[in-house]
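Undergrad: Could you work out the structure for the sequence below:
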Amino acid sequence: MVEATRLGLGSVYVMSAAMALQKDPDLIADLGIDDGYTPQVVVPVGHATEEIAANDRSDRYKVMRR
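TA: Residues are numbered from 1 along each chain as shown. Next comes the predicted model:
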């Protein structure tokens, strides 16, 4: 995801897609995933359809001392 951003691409972490794949062994085989491997997460990468404004996350975490 970091590399996608560096390349000017968007990406999104989609865990529910991996959960759906785990229930369909035929689809896993169709996607070319080798036996013995199980999808844990799907990360679609591509160009965004619209520009998304960056969020200010500077105050997301606060360190408190007691």
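Undergrad: avg pLDDT for the longest helix seen in the chain?
TA: Ranked by residue count, the top helix of the chain under DSSP state H comes out as helix 15-22. Helix 15-22 comes out with an average pLDDT of 91.
Undergrad: What is the distance between the next helix or strand after that helix and the centre of its chain?
TA: Later in the chain than helix 15-22, the nearest helix or strand by DSSP states H and E is helix 25-30. In terms of C-alpha atoms, centre = their mean, to the nearest Å, the centre of helix 25-30 is found 20 Å from the chain centre.
Undergrad: Quick check: the gap between the residue nearest in space to the middle of the chain and residue 50.
TA: Centroid-nearest residue in the chain, with C-alpha atoms, centre = their mean: residue 13, separated by 2.0 Å. For residue 13, the distance to residue 50 (C-beta to C-beta, to the nearest Å) stands at 19 Å. Backbone N, C-alpha and C define where each C-beta goes, glycine included.
Undergrad: Flag the shaky bits of this protein, pLDDT-wise.
TA: Scanning the chain for pLDDT under 70 picks out no residues.
Undergrad: All the strands of it, residue numbers only.
TA: With DSSP state E as the criterion, the chain has strands at 10-11, 45-46.
Undergrad: For the first one, name the packing helices and strands.
TA: Under the contact definition 3 or more C-beta pairs under 8 Å, 6 or more residues apart in numbering; DSSP states H and E, strand 10-11 sits against helix 2-6, strand 45-46.
Undergrad: Sweet, I'm off.
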